[in-house]
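S.K.: quick check, what structure comes out for this input:
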Amino acid sequence: MRTTYATSSIASQGRRHFWQEIVSKTYFPLDLSFAGGGEFRGSLDAWSLGPVSVSRHVSDGLLYRRHERHLLNEREECYLITVPELTEIRFAQDGKDVRCRPGAFLIERSHLPYEFSHRDPAALWVLKIPSAVLRARISRPERLATLQFDAGRGVGALFVDTLRLTGARIEEIDEPARAVTGKHLIDLLAMAVESDERVLMGHSSSVRSAHLLRCENFVRARLDDTRLTPQMVADGCGISLRYLHQIFEGEGSTVCAYIRNQRLLMCDAMLRDPNNRKSISEIAYQWGFNDQAQFSRNYRSRFGCTPSDMRAASRAPDP
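M.R.: Model prediction:
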């Protein structure tokens with residue numbers, strides 16, 4: 001479904017308040033400071049793609065601030081992938097201050113205060129992804145906050161091209177196809193960031209991180225296999241079982257815990273999708289859980305509610 005907002009339909013004196021309301025509604029609560037004393041102009045289009053959303057907005061220069069008080073009632077963390085088109089944008093979060101020009105894209109985290117600004121009129125594409133959905137595809141996405149990636153070539157360019165094309169074609173496809181498109185965008189984003197050395201190296205050596213990434217990809221490709229074991233992962237990645245355990249211990253985890261967590265994340269993403277019609281037991285079995293009771297216990301321990309509670313919440317109408 002497409003939602004469209006434009007200040008052109010609002011009286012001049014009410015435009016700034018209107019823009020603050022629609023931006024906070026589309027993304028999350030923010031404070032806005034507008035540049036200059038002239039008449040503000042802005043337009044915003046937003047589309048849903050299953051659990052993720054795409055938006056494009058064009059506006060005069062301003063400053064967005066997300067404060068600690070905005071986080072008090074926020075339950076679900078999300079990430080914004082922002083693609084500037086007309087002018088440079090500035091983003092400051094967690095002690096880092098970066099500038100992102102057209103030809104690149106930037107990743108922002110909702111659960112930390114930040115400042116986002118552009119002095120000149122800007123056109124932005126934004127992909128909003130719930131943290132739980134992104135974690136099912138990218139391990140520790142918090143590493144990506146404040147990083148910018150090349151959108152001028154390779155997979156980064158393909159990701160941005162697909163994002164733009166989605167906005168142009170989304171009205172022509174049905175809800176199930178939109179959900180699949182959202183998943184494809186996440187896959188392209190993951191491919192773009194996982195090839196970046198800054199993400200690859202993380203906090204350990206490049207060789208060890210390369211092995212970790214290979215093991216993580218091996219696991220994610222075989223989550224539906226109930227026979228998946230650490231030994232299978234080690235054999236499939238050409239390393240010893242002992243070294244495999246050392247790699248994951250260095251990340252503060254174990255191989256089995258990683259496998260279980262990835263399975264839970266995939267189940268959670270499907271339970272959060274209101275268009276998914278599979279039963280809870282079918283979802284659990286699809287992602288490698290043979291024991292329904294064990295799945296429910298693990299799910300509740302990980303997410304703080306039962307699978308049926310999450311499914312009911314995802315299908316509840318918006319207030």
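S.K.: over to Tyr79. Which of the three states is it?
M.R.: What DSSP: H, G, I helix; E, B strand; the rest coil gives for Tyr79 is strand.
S.K.: what's the neighbour count on the nearest residue to it once chain neighbours are set aside?
M.R.: Nearest-residue entry for Tyr79: Ile129, 5.1 Å, with adjacent residues in sequence omitted and distances by C-beta to C-beta, 6 or more residues apart in numbering. Any C-beta I mention is one placed from the backbone N, CA and C, and that applies to glycine too. Look at Ile129: counted by other C-beta atoms under 10 Å, it has 24 neighbours.
S.K.: residues touching Ile129, list them.
M.R.: Pro51, Val52, Cys78, Tyr79, Ile81, Ile186, Leu189 (C-beta atoms under 8 Å, 6 or more residues apart in numbering).
S.K.: as a markdown table, the residues you listed with distance to Cys305 and neighbour count would be great.
M.R.: As requested, those are arranged in a markdown table below (distance: C-beta to C-beta, whole Å; neighbours: other C-beta atoms under 10 Å):
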| residue | distance to Cys305 | neighbour count |
| --- | --- | --- |
| Pro51 | 17 | 25 |
| Val52 | 21 | 23 |
| Cys78 | 18 | 21 |
| Tyr79 | 22 | 24 |
| Ile81 | 27 | 26 |
| Ile186 | 23 | 24 |
| Leu189 | 27 | 28 |
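S.K.: do I have it right that Phe149 meets Val155?
M.R.: No - contact criterion C-beta atoms under 8 Å: Phe149 and Val155 do not qualify, at 9.3 Å.
S.K.: anything in contact with each of the two?
M.R.: Ala192.
S.K.: let me see the ranges of the strands in the stretch 1-150 of the chain.
M.R.: 2-6, 31-34, 42-49, 52-59, 62-66, 78-84, 89-93, 96-100, 104-109, 114-118, 122-130, 148-150 (DSSP state E, counting those that start in this stretch).
S.K.: closest to Met266 out of those?
M.R.: Met266 sits nearest to strand 122-130 of all those, at 13.5 Å, using C-beta to C-beta.
S.K.: and the closest one, how far from the chain's centre?
M.R.: Its chain's C-alpha centre and that of strand 122-130 lie 11 Å apart, by C-alpha atoms, centre = their mean, to the nearest Å.
S.K.: ok, that strand: who's next to it in the sheet?
M.R.: According to DSSP bridges, strand 122-130 forms sheet pairs with strand 52-59 (antiparallel), strand 78-84 (antiparallel).
S.K.: save those as TSV, and put in mean pLDDT and distance to Asp196 too.
M.R.: Shown next, in TSV, are the strands paired with strand 122-130 (pLDDT from 0 to 100; distance: least, C-beta to C-beta, whole Å):
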stretch	mean pLDDT	distance to Asp196
strand 52-59	94	21
strand 78-84	96	14
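S.K.: comparing those strands, which comes out most buried?
M.R.: Mean neighbour count (mean count of other C-beta atoms under 10 Å) peaks for strand 78-84 among those, with a mean of 23.
S.K.: which residues does that strand contact?
M.R.: Contacts for strand 78-84 (C-beta under 8 Å, 6+ apart): 27-28, 89, 91, 100-102, 104-110, 116, 118, 122-131, 134, 141, 144-145, 151, 160, 163, 189.
S.K.: lowest average confidence, helix or strand, in the protein?
M.R.: In the chain, the helix or strand scored least confidently by mean pLDDT, DSSP states H and E is helix 197-201, which has a mean of 56.
S.K.: quick one, what contacts the nearest residue in space to Glu175 that is not next to it in sequence?
M.R.: Nearest residue to Glu175 in three dimensions, chain neighbours excluded: Asn275, at 5.4 Å (C-beta to C-beta, 6+ apart). Each residue near Asn275 by C-beta under 8 Å, 6+ apart is listed here: Gly50, Glu175, Pro176, Ala179.
S.K.: sec struct for Leu189, please.
M.R.: Under three-state DSSP, Leu189 falls in the helix class.
S.K.: for the residue lying closest to it once chain neighbours are set aside, pull up the helix or strand it's in.
M.R.: Of all residues not flanking Leu189 in the chain, Phe159 sits nearest, at 5.5 Å (C-beta to C-beta, 6+ apart). Using DSSP states H and E, the element containing Phe159 is helix 154-169.
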